[in-house]
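Enquirer: For reference, the sequence and a predicted model appear below.
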Amino acid sequence: ETGVTQTPRHLVMGMTNKKSLKCEQHLGHNAMYWYKQSAKKPLELMFVYNFKEQTENNSVPSRFSPECPNSSHLFLHLHTLQPEDSALYLCASSQDITGSEKLFFGSGTQLSVL
Amino acid sequence: DQQVKQNSPSLSVQEGRISILNCDYTNSMFDYFLWYKKYPAEGPTFLISISSIKDKNEDGRFTVFLNKSAKHLSLHIVPSQPGDSAVYFCAASLDAGNMLTFGGGTRLMVKP
């Protein structure tokens, strides 16, 4: 298995549910990211972790809670979401956050909040 | 306000012809630009990049042109192939880090 793997691929949840998205990278990278892609909108950066430390929180509501236990794994814990949070959530990794490193993306989790 | 814009949501091109995808940006501090390609049900994949010290970078059928004075970049694909049909995102970053700012994407359809 190579690259960046995200699970689940699809998720439907109610507004009172608690769920988690998982991301795993097998590239030996040190930086991991969560992006959100809503319909007809650009990809929005949510969180950045570098060497397991959060370096960026792009004004994301607290109902989204990231966790990075090690450089290979990244989680996004979800609770009391709103229907407008329905989107494609993409995980990415890069060697580090300096300069012009390319991002490697997972296939995403398509989230629907009912 | 979007700092990176792709004003054409879609583009249709005949196989064998040239595809030109455009991207405009407003932040003059951006100095590294990338194009990503996204197929349905897959994450974006890196395609080609260009540094602000260059005005052209070529990789096979793909060429990216950068016009800093106009804050405009374009991706040329020639010849276009049906397998190139995908959504193309341009992205820009500042030298200090890798916080990419993405455009909204252009869906390219290459007809056989």
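Expert: Looks like it arrived, so ask away.
Enquirer: drop to CA atoms for contacts and neighbour counts, all remaining ones
Expert: Will do.
Enquirer: what lines up beside the helix or strand of chain B with the lowest mean pLDDT in the sheet?
Expert: Ranking every helix and strand in chain B by mean pLDDT, DSSP states H and E puts strand B:101-102 at the bottom, with a mean of 90. In the sheet, strand B:101-102 lines up against strand B:86-93 (antiparallel) (DSSP bridges).
Enquirer: tell me the mean pLDDT for the strand it pairs with?
Expert: Averaging pLDDT along strand B:86-93 gives 94.
Enquirer: before we move on, the earlier item: which residues does the least confident helix or strand of chain B contact?
Expert: With CA atoms under 8 Å, 6 or more residues apart in numbering or on different chains as the test, strand B:101-102 has contacts from A:Pro42, A:Leu43, A:Glu44, A:Leu45, B:Gln3, B:Val4, B:Lys5, B:Phe89, B:Cys90, B:Ala91, B:Ala92, B:Ser93.
Enquirer: buried sites along the helix or strand of chain A with the lowest mean pLDDT?
Expert: Between all helices and strands in chain A, the lowest mean by mean pLDDT, DSSP H and E belongs to strand A:53-57, at a mean of 83. Going by neighbour count (16 or more other CA atoms under 10 Å in any protein chain shown), the buried part of strand A:53-57 is A:Gln54.
Enquirer: any idea which helix or strand comes after that strand?
Expert: Going down the chain from strand A:53-57, the next helix or strand is strand A:64-70, by DSSP states H and E.
Enquirer: Could you name the helices and strands sitting against the helix or strand that that next one is followed by?
Expert: Where DSSP H and E defines the elements, the next helix or strand beyond strand A:64-70 is strand A:73-79. In terms of contacts (3 or more CA pairs under 8 Å, 6 or more residues apart in numbering or on different chains; DSSP states H and E), strand A:73-79 is packed against strand A:18-25, strand A:64-70.
Enquirer: ok, residues contacting the least confident helix or strand of chain A?
Expert: Taking CA under 8 Å, 6+ apart as the rule, strand A:53-57 contacts A:Met46, A:Phe47, A:Val48, A:Tyr49, A:Cys68.
Enquirer: same thing with stretch B:47-65?
Expert: B:30-37, B:66-68, B:73-79.
Enquirer: among the contacts of strand B:101-102, who's most crowded?
Expert: Counting neighbours by other CA atoms under 10 Å in any protein chain shown, B:Cys90 leads those with 32 neighbours.
Enquirer: was I right about that residue contacting B:His72?
Expert: No. If you go by CA atoms under 8 Å, B:Cys90 and B:His72 don't touch, sitting 10.7 Å apart.
Enquirer: ok, residue 80 - how many residues close by?
Expert: You didn't say which chain, so I picked chain A. With other CA under 10 Å as criterion, A:Thr80 counts 16.
Enquirer: should've been chain B
Expert: Neighbour count for B:Ser80, taken as other CA under 10 Å: 24.
Enquirer: Specify the local secondary structure of it.
Expert: Three-state call for B:Ser80 (DSSP: H, G, I helix; E, B strand; the rest coil): coil.
Enquirer: how close does it sit to A:Ala31?
Expert: 34 Å (CA to CA, to the nearest Å).
Enquirer: ok, back up a step: overlap in contacts of B:Cys90 and B:His72?
Expert: By CA under 8 Å, 6+ apart, the residues touching both B:Cys90 and B:His72 are B:Cys23.
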